[in-house]
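Undergrad: Okay, here's the prediction I keep looking at, along with the sequence it came from:
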Amino acid sequence: MKKLTLAAAAFALTAGMGMAQTVRIATEGAYPPYNLINDQGQVAGFEVDLGNELCKRAELQCTWVKNDWDSIIPNLVSSNYDAIMAAMSINEERKQVIAFTEDYLPPAPSSYVALDEGANLETGIVAVQTGTVQASHIADTQATMLEYPNIDQVFAAVRNGEADAAFGDHEVMRPFVEDSDDLIFVGEQVRLDEGIGIGVRQSDNELREKLNGAIAAMKQDGSLNALIKTHFGEDAQTYE
Amino acid sequence: MLSHCTDPSALQGLAWLSCYLTTGNHMLFYASFGTVLLLLAITAPVALLFGFGGAMASRSRIAGVRWFGRIYTSMVRGVPDIIFFLFVPIALDQGFEWLRSRVYCDPSVPVRQGNEFIVCAAAKLPLSTSPEWVHQAYGIFLAVIAFAVVFGAFAANVLHGAMNAVPRAQLETAEAYGMTPRQVNRRILVPQMWTYALPGLANLWMILIKATPLLFVLGVEDIVYWARELGGAKTRAYAYPHPDWRLYYFLAILVFYLLMTWGSERIFDRIRARLSRGQATAAGEAMRKAAT
């Protein structure tokens, strides 16, 4: 009898999987190396590789959707897609609206970028990407904040003198700074978030549990650390 | 993809440029010009149909229909376009999904749960299992409806004015021949009104062409999306790194729109000449004098 119940349960499980719905994951596609649109016009980057691996481990069918950053949470809430993987830091403000999985990247430092060493970071004009944790941080300082829809325009604002400095995720800004001959990192790094996680709807516990399981497994066997190193370099912060 | 493009970092000058301009996402950029043209080709007739319906409705002898036509034209014309472009697709999408959820899902489960709008998987539109092009096509479909609603209201106003401009004497003559109101409409009013409607409609067409960048607001990947995406500074994370080139991409789009409007002007000139022939208007009179 016990065997029969087990078999029935196993059958029910596999039958459920057979009817599995496609999980649509949204990303911005303009935040290298986290996510970007590659030269074939497809989404790529750390999060795409990670997401595909997580889906494989959690036995989910996944597809990717591009969505602008500023409407990425409203469109999740109105069910245009099922998950967000777009370098979204876990914080209290966002937790009121959506739910997060475990973090898949440890808390990352944020940095200031300017054209010269003497830029006024305390009371000057600082450019940020709208709706980011960096934007909320600048709003709490004495500086005047200018918000832009994507990171390109944040740098453009510093270059053409609209802003004294830019403030953003260190890993995103690093390649821009290293490639350019005018931009430099200035001031102290700031630590703001609780790590980066996958955003899901608050009612979607099933998906969150599945993804949590996969993330935990990848942390356990070191494959997450390996993936972080291939995308962010050997010096990147990894999990213990 | 050209054969010599396997290692972009080793290329220089024109060779680099030829590879750069033929990457997959540049191909998508070129294809997005097609998206814009397709949207214009579909929207213009649909909007004209909406406009025709609106104009006929606001001339109707049935009070309810007349009010509907008048409210439609004056309400849509009085609200900023962008509000409608944001409102109509979301309202339609959620409306469709709500209707489907009443049929395919358990009706006792509300679609609004807290701040979330959720319908069961079977009621999703498009289904989450459908391929990406279906999602794109659905997005364009909603955009077409939004454009048609807005431009239909303007077209309705133009056509309404044009119908009133047809000389009363012509309609009276038709009535004297014993035609019913329906016959007068079909045989005299509608064929004769186009010459009066054309300047207004041509104007609307120009505005419609210039309004297509709003597609970008609706999340359709149009030429503005790709210009911003491709023109933005690219770091070493990409195969073809380059500084901020948005200026050149936007310049290309500017030329495209100028060519579009310039071409349309010429076509409208021809139609205008065709429609003025034999009309009791100043343009028709001028043609008669030139011929003799």
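TA: Sure, I can see it.
Undergrad: do the helix or strand hosting B:L142 and chain A meet?
TA: Per DSSP states H and E, B:L142 falls inside helix B:132-165. Yes. With C-beta under 8 Å from any C-beta of the partner chain as the measure, helix B:132-165 is seen reaching chain A through B:132, B:135. The way it works is simple: take the backbone N, C-alpha and C, and place the C-beta from them, glycine included.
Undergrad: which helices and strands sit right next to that helix?
TA: helix B:24-58, helix B:63-77, helix B:81-104, helix B:190-211 (3 or more C-beta pairs under 8 Å, 6 or more residues apart in numbering or on different chains; DSSP states H and E).
Undergrad: List the contacts of whichever helix or strand comes after that helix.
TA: On the C-terminal side of helix B:132-165, the closest following helix or strand by DSSP H and E is helix B:168-176. With contact meaning C-beta atoms under 8 Å, 6 or more residues apart in numbering or on different chains, helix B:168-176 is reached by B:183-184, B:187-189, B:192.
Undergrad: Turn these into TSV, including neighbour count and pLDDT.
TA: Formatted as TSV, these follow (neighbours: other C-beta atoms under 10 Å in any protein chain shown; pLDDT from 0 to 100):
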residue	neighbour count	pLDDT
B:Q183	14	93
B:V184	18	93
B:R187	13	93
B:I188	19	92
B:L189	19	92
B:Q192	19	91
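Undergrad: Double-check A:T141 against A:E122; I have them as touching.
TA: Yes. At 7.0 Å, A:T141 and A:E122 qualify as touching, with contact defined as C-beta atoms under 8 Å.
Undergrad: more neighbours, these two?
TA: A:T141 (14 against 9; other C-beta atoms under 10 Å in any protein chain shown).
Undergrad: which bits of chain A sit near chain B?
TA: A:21-24, A:29-30, A:32-33, A:36-42, A:45, A:61, A:63, A:65-68, A:71, A:77-79, A:82, A:97, A:150, A:152, A:155-156, A:159, A:175-176, A:178-179, A:201-203.
Undergrad: Got the confidence number for A:A7?
TA: Listed pLDDT for A:A7 reads 49.
Undergrad: Where does pLDDT dip in chain A?
TA: Within chain A, the stretches with pLDDT under 70 are A:1-20.
Undergrad: Do a quick rundown of the helices in it.
TA: Using DSSP state H, the helices of chain A run over A:2-18, A:46-57, A:72-77, A:92-95, A:133-140, A:151-159, A:170-179, A:205-220, A:223-232.
Undergrad: Need the winner for burial among these.
TA: helix A:151-159 (a mean of 22; mean count of other C-beta atoms under 10 Å in any protein chain shown).
Undergrad: Now do that helix against helix A:133-140, angle only.
TA: Here helix A:151-159 points in a direction 40 degrees away from that of helix A:133-140 (axes from the mean of the first three to the mean of the last three C-alpha atoms, to 10 degrees).
Undergrad: Excluding its own residues, what touches helix A:151-159? List them.
TA: A:30-31, A:113-115, A:127-129, A:146, A:148, A:163-166, A:168, A:172-173, A:176, A:182-183, B:232-233, B:244, B:246.
Undergrad: ok, the residue nearest the centre of chain A - contacts?
TA: Nearest to the mean C-alpha position of chain A, by C-alpha atoms, centre = their mean, lies A:A87 at 1.1 Å. Applying C-beta under 8 Å, 6+ apart to A:A87 gives the contacts A:28, A:31, A:34-35, A:47, A:105, A:169, A:172, A:196.
Undergrad: change it to 7 Å
TA: By C-beta atoms under 7 Å, 6 or more residues apart in numbering or on different chains, A:A87 lies in contact with A:31, A:34-35, A:47, A:169, A:196.
Undergrad: got JSON lines for those residues, with distance to B:W205 too?
TA: Listed next are these as JSON lines, based on distance: C-beta to C-beta, whole Å:
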{"residue": "A:Y31", "distance to B:W205": "39"}
{"residue": "A:Y34", "distance to B:W205": "43"}
{"residue": "A:N35", "distance to B:W205": "39"}
{"residue": "A:E47", "distance to B:W205": "43"}
{"residue": "A:D169", "distance to B:W205": "45"}
{"residue": "A:I196", "distance to B:W205": "48"}
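Undergrad: Reformat the contacts of helix B:168-176 as TSV; add distance to chain A.
TA: Below are these laid out as TSV (distance: C-beta to the nearest C-beta, whole Å):
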residue	distance to chain A
B:Q183	50
B:V184	49
B:R187	49
B:I188	50
B:L189	45
B:Q192	48
